[in-house]
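have a look at this prediction, sequence included:
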Amino acid sequence: MTSLPLEDGPVRAVADPGLLDLISALACLIDKDKIVFLNQAGAQMLGIAPAQAALGRSFADFLETQYRDLIAEAGWALLAEEAFLPLKLCGAQGQWFEAELRVRRLPGSVEIYLIEARDISRFVRSAEALREREERLQGVLHSVIEGIVTIDERGIIEAVNPALGRIFATEPASLIGRPLDELVTGIAPDRRPDPTRSQPALLPTGRAIEALGRRADGVLFPLELSLSELHHGKSRLFTGILRDISERKEAEARINRLAHHDTLTGLPNRNLLADRVAHALARVRRHGGHLAILYVDLDRFKPINDALGHEAGDAVLCEVAARLSSCIRGSDTVSRVGGDEFVVVIEQITRPVEAAMVARKILEKLGRPIDYQGHACEIGASIGIAVHPFDGSGMDEICKAADIAMYRVKNSGRNGFCFFSETDDVGLVSQDAS
């Protein structure tokens, strides 16, 4: 306990000043700005030893300059009007620290004030660290390209980051309070969350799902959504990360197209042809009927490449692809399987003669000259036809039969068509001159 003369007037105003030594905060009595009592906690806080060394000093000397000047002009009465005042105090060794100050006039006195102060440096540092962490977190949330959303257990949006607004082409604030399934389709297939009720929404958590998002203008786009469940007290919250995967889907579509389509003509390649024929054969077996495969090999194509160059050859192939496509129905398929080799799949025919009609149409279309930069490129086609189930049960068998029939045409003068079931020895090779 600090030993002070109790006969001193200001100290006598406190019933027992020694009790102030029992508290852990700074307690100081001043009379006309001069310290007349300082407890042990205050002496330690200010770095004064012993506590009596502070007697007679001005407490304003320990304050920031702005408050020191304020007291010099208006006195301590002005600060006594404040409940708690955050400021900086300077210790006896010149070290500054954050403090919380309270000034009260003692009852019945005019110039005597009781000053309380607490060192809040640790709390300020913690608050600054927390603020810095929040600022960093907000910076991260504002800079990430993924949309981040927080929703309650009913599926109602509570918070979003700016990226989510960009993804849905709207102001982020306009998304607050809306059900998530207004923006993302298929996340609650069994029941739509009702904002007026406390029923839980059916939300897919713990895995990434693909769904369709709806922008402010109503345009749908593919997105990926990952939801995680959080427990906040007795309530449940969900945090979601949303990614616009439009570019990824477009890239996948391009890769898929490259894997299944000819890069020059855009027609299905061998991979897609095999898939188309497999499905067509399954339909024929299920519903009956016939399927025909036409193996088309161009005649007189090589002289065009030799005379006019490969660019001319490419232009002719593209035109051939277009003409072949114009000869078939939407349910049929034209595929490029080699340099100047094409396969045509005719589905749902009742008689082989229907395949012959398509072959005649192809010969007629390809018999017309193809213009390339003023050059009339004349070609023809040798077409071999195989029909399921007469000429084979699987794709390999039918295509091989059509290929054999095509070579019969090549060996018999070209520019015509022939069914595999026809035989050379009875002279049934069919040819149509263009």
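Structure's in. What do you need? Numbers count the residues shown, from 1 in each chain.

and the helices in the stretch 251-400 of the chain, which stretches?
Remark: helices assigned in the stretch 251-400 of the chain by DSSP state H, counting those that start in this stretch are 270-287, 302-308, 310-325, 353-366, 395-411.

distance to Leu230 for those - can I get that in TSV?
C-beta: built from backbone N, CA, C; applies to glycine. Converted to TSV, the helices of the stretch 251-400 of the chain look like this (distance: least, Cβ to Cβ, whole Å):
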stretch	distance to Leu230
helix 270-287	45
helix 302-308	67
helix 310-325	56
helix 353-366	64
helix 395-411	54
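
reformat the ones you listed as JSON lines; add mean pLDDT and mean neighbour count.
Output for the helices of the stretch 251-400 of the chain, formatted as JSON lines (pLDDT from 0 to 100; neighbours: other Cβ atoms under 10 Å):
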{"stretch": "helix 270-287", "mean pLDDT": "91", "mean neighbour count": "15"}
{"stretch": "helix 302-308", "mean pLDDT": "90", "mean neighbour count": "14"}
{"stretch": "helix 310-325", "mean pLDDT": "95", "mean neighbour count": "18"}
{"stretch": "helix 353-366", "mean pLDDT": "95", "mean neighbour count": "18"}
{"stretch": "helix 395-411", "mean pLDDT": "93", "mean neighbour count": "19"}
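
any regions of the protein where pLDDT drops low?
Scanning the chain with the threshold set as pLDDT under 70 gives 1-18, 134-144, 186-204, 206, 232-233, 423-434.

pop the domain breakdown of it in here.
Following automatic domain parsing, the chain resolves into domains at 9-123, 144-248, 261-426.

most tightly packed of those domains?
Mean neighbour count, computed with mean count of other Cβ atoms under 10 Å, is highest for domain 261-426 among these, reaching a mean of 18.

what separates that domain from the chain centre, distance-wise?
Relative to its chain's centre, domain 261-426 lies at 45 Å (Cα atoms, centre = their mean, to the nearest Å).

ok, back up a step: nearest to Ala54 among the helices of the stretch 251-400 of the chain would be which one?
Nearest to Ala54 among the helices of the stretch 251-400 of the chain is helix 270-287 (92.0 Å), distances taken as Cβ to Cβ.

the closest one vs helix 395-411, what angle?
Using axes from the mean of the first three to the mean of the last three Cα atoms, to 10 degrees, the inter-axis angle of helix 270-287 relative to helix 395-411 is 110 degrees.

ok, now which ones touch Lys32?
The contact partners of Lys32, taken as Cβ atoms under 8 Å, 6 or more residues apart in numbering, are Glu111.

got the phi and psi for it?
phi 60, psi 40 (degrees, to the nearest 10).

what of Ser24?
Main-chain dihedrals, Ser24, degrees, to the nearest 10: phi -90, psi -10.

the closest residue to it other than its chain neighbours: helix or strand, and which one exactly?
Leaving aside its chain neighbours, Ser24 sits nearest to Ala41 (5.3 Å; criterion: Cβ to Cβ, 6 or more residues apart in numbering). According to DSSP states H and E, Ala41 maps onto helix 40-46.

give me the residues contacting that helix.
Contacts for helix 40-46 (Cβ under 8 Å, 6+ apart): 1-2, 21, 23-28, 38, 49-51, 54, 62, 89, 91-92, 99, 117, 119.

try stretch 90-110
Contacts of stretch 90-110 (Cβ under 8 Å, 6+ apart): 10, 13-14, 26, 29, 45-48, 61-64, 76-77, 79-80, 82-89, 112-121, 123-124.

please apply the same query to stretch 231-239.
Counting by Cβ under 8 Å, 6+ apart, residues outside stretch 231-239 touching it are 148-153, 158, 200, 203, 205, 227-230.

so how far is it from its chain's centroid?
That offset, for stretch 231-239, works out to 23 Å (Cα atoms, centre = their mean).

picking that back up, so which of the contacts of stretch 90-110 are in helices?
Secondary structure from DSSP state H places 10, 45-46, 121, 123-124 of the contacts of stretch 90-110 in helices.

now those residues in CSV, with distance to Gly384?
CSV is the format used below for the ones in helices among the contacts of stretch 90-110 (distance: Cβ to Cβ, whole Å):
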residue, distance to Gly384
Pro10, 121
Met45, 103
Leu46, 106
Ser121, 93
Phe123, 90
Val124, 89
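
show me the contacts for the spatially most central residue of the chain.
Central residue of the chain (Cα atoms, centre = their mean): Arg243, 1.1 Å from the mean position. Residues near Arg243 by Cβ under 8 Å, 6+ apart: 145-147, 223-224.

Leu70 now?
Contacts of Leu70 (Cβ under 8 Å, 6+ apart): 78-79.

from the chain's centre, how far out does the strand or helix carrying it sit?
Following DSSP H and E, one finds Leu70 within helix 65-74. Centroid displacement of helix 65-74 relative to its chain, using Cα atoms, centre = their mean, is 57 Å.

repeat that for stretch 100-110.
Using Cα atoms, centre = their mean, the offset of stretch 100-110 from its chain centre is 61 Å.

one step back: can you put the domains of the chain in CSV and add distance to Glu132?
As requested, the domains of the chain are exported to CSV (distance: least, Cβ to Cβ, whole Å):
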stretch, distance to Glu132
domain 9-123, 15
domain 144-248, 19
domain 261-426, 54
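
and Ala259, how many neighbours?
Per other Cβ atoms under 10 Å, the neighbour tally for Ala259 reads 10.

thinking again about what came up before, the helices of the stretch 251-400 of the chain: which one's closest to Glu378?
The nearest among those, by Cβ to Cβ, is helix 302-308 at 8.7 Å.

so which elements touch the closest one?
helix 310-325, strand 375-377 (3 or more Cβ pairs under 8 Å, 6 or more residues apart in numbering; DSSP states H and E).

and of those, who's closest to Asp403?
Closest approach to Asp403 among these is made by helix 310-325 (17.1 Å; Cβ to Cβ).

give me the contacts around the closest one.
For helix 310-325, contacts defined as Cβ under 8 Å, 6+ apart pick out 264-267, 296, 298, 301, 304-305, 334, 336, 340, 342, 344, 362, 365-366, 370, 372-373, 375, 377, 379.
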